[in-house]
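# Need a 3D model of the following:
(one chain, ligands or ions: 1)
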Amino acid sequence: MNTKAPSESLAADLAVVRQYLDQAEQPRALSSTEQSDYKRQIVELMAQKNAKLVAHYYTDPVLQELAEASGGFVGDSLEMARFGKECDAGILVVAGVRFMGESAKILSPDKKVLMPTLEATCSLDIACPIDEFAPFCDAHPERTVVVYANTSAAVKARADWVVTSSIAVDVVEHLMAQGEKVLWAPDRHLGAYIEKTTGADMLLWDAACIVHEEFKARGLRDMKAMYPEAAVLAHPESPAGVLELADFVGSTTQIIKAAQTVPQKQVIVATDQGIFHKLRQLAPDKELIVAPTAGNDATCRSCASCPWMGMNTLPAMLESLQHESNEIHVAEELAVKAMVPLQRMLNFASEQRLKVQGKA
Ligand code: SF4
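Residues are numbered from 1 along each chain as shown. All right, here's what the predicted structure looks like:
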């Protein structure tokens, strides 16, 4: 694998993440009466303000239900970006992590984008700061820069392409067909998976998702022995050893589709537990099992559950809507630059969809 560790500071990055999470406040559990009250107020305010809620599959099921019940949307980051751009709301409330709010703002500059919290970030975004990433790109001018959506607006603005996990392999295959070599950032597991799948010449940044990094091949092997008939569905941010044991590797949306279509009744899932809400709705006949996490080198404090996604709560959402606070701003010059690789992905995705429909 053609891996370049841009910083010998991955351990330091993880230490920053751990320190941050240790200090972060845990959301208080709400009673069902409190939940109903918050939901009613949020729905009323969204109607008054022509706002739509866009939520990621990893957020609290309560928020996913609220998004769907109020005419908003639940999906992966590509679908969230597309919905936010295409809907006619004046305000988008993005329940997810900060880069999702930034992507929504870049693609919809005329909409006001609010988030329940601006503290919700991502270990991949943290571990790929622009002041380290830009010189890395400058040192490899012969490579096409492809970055994962889980990056800051500044990193996106430095890229040729932005991709989500649902489309990353297709984009790199497309680039490879044109004889291009790729510089990939930031997730090293996803990068290695794309490299292995496509055979492309890739130089990889060295960062990881703290949630998916926790899935362990040894534990999964033991679990497969307990459930020999089960299908294993894994997100490509998981380590290579886990992916090698998987029957299917794909994005959150692709995992949901796979759970519905695989013949096995038991399904072991290696991604954030938030996805189980949608899985239970769409694959009710399947026995869903969380893939094993952690071990002696565990770094998460809520394994298989993203702590930043967990910061999206009903009280925080209500407060943001009431005061139109936690607004996402992206400097215009940066937004214009970041829009180019983001729009390139959306155009590519539309062309792919047309091709697929043409084949159907
Ligand atoms: S689950 Fe991982 S990749 Fe997704 S937001 Fe959380 S830390 Fe980032």
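# Buried residues in the host helix or strand of H189, which are they?
Assigned by DSSP states H and E, H189 belongs to helix 188-198. If you call a residue buried by 16 or more other C-beta atoms under 10 Å, then helix 188-198 has these buried ones: R188, H189, L190, G191, A192, Y193, I194, E195, T198. All C-beta spots, glycine's among them, are computed from the backbone N, C-alpha and C.
# Phi, psi for the closest residue to G72 other than its chain neighbours please.
Leaving aside its sequence neighbours, G72 sits nearest to L53 (C-beta to C-beta, 6 or more residues apart in numbering; 3.7 Å). L53 adopts backbone torsions of phi -100, psi 130, taken as degrees, to the nearest 10.
# In TSV, list the buried residues of helix 188-198 along with distance to A259 and pLDDT.
Formatted as TSV, the buried residues of helix 188-198 follow (distance: C-beta to C-beta, whole Å; pLDDT from 0 to 100):
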residue	distance to A259	pLDDT
R188	26	97
H189	21	97
L190	20	98
G191	25	98
A192	24	98
Y193	19	98
I194	23	98
E195	26	98
T198	25	97
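# Next to the ligand, which bits of the stretch 151-300 of the chain? Give me the list.
C209, I210, V211, E237, D272 (C-beta under 6 Å from any ligand atom).
# farthest-separated two in these?
I210 and D272 (10.8 Å; C-beta to C-beta).
# Nearest to A47 among the residues of the stretch 151-300 of the chain next to the ligand?
The closest of these, once distances to A47 are taken by C-beta to C-beta, is D272, at 30.2 Å.
# Now do that closest one: how many residues are near it, please.
When neighbours are defined as other C-beta atoms under 10 Å, D272 has 24 of them.
# same deal with E287?
Neighbours of E287 using other C-beta under 10 Å come to 12.
# for V146, same thing?
25.
# count of neighbours near R353?
10.
# now the helix or strand where it lies, how far from the centre of its chain.
Under the criterion of DSSP H and E, R353 resides in helix 332-359. On the basis of C-alpha atoms, centre = their mean, to the nearest Å, helix 332-359 sits 17 Å off its chain's mean C-alpha point.
# What of stretch 154-162?
16 Å.
# how far does it stretch from start to finish?
End-to-end span of stretch 154-162 (C-alpha to C-alpha, to the nearest Å): 12 Å.
# quick revisit: list residues touching both of I210 and D272?
Applying C-beta atoms under 8 Å, 6 or more residues apart in numbering, one finds that I210 and D272 are jointly contacted by C306.
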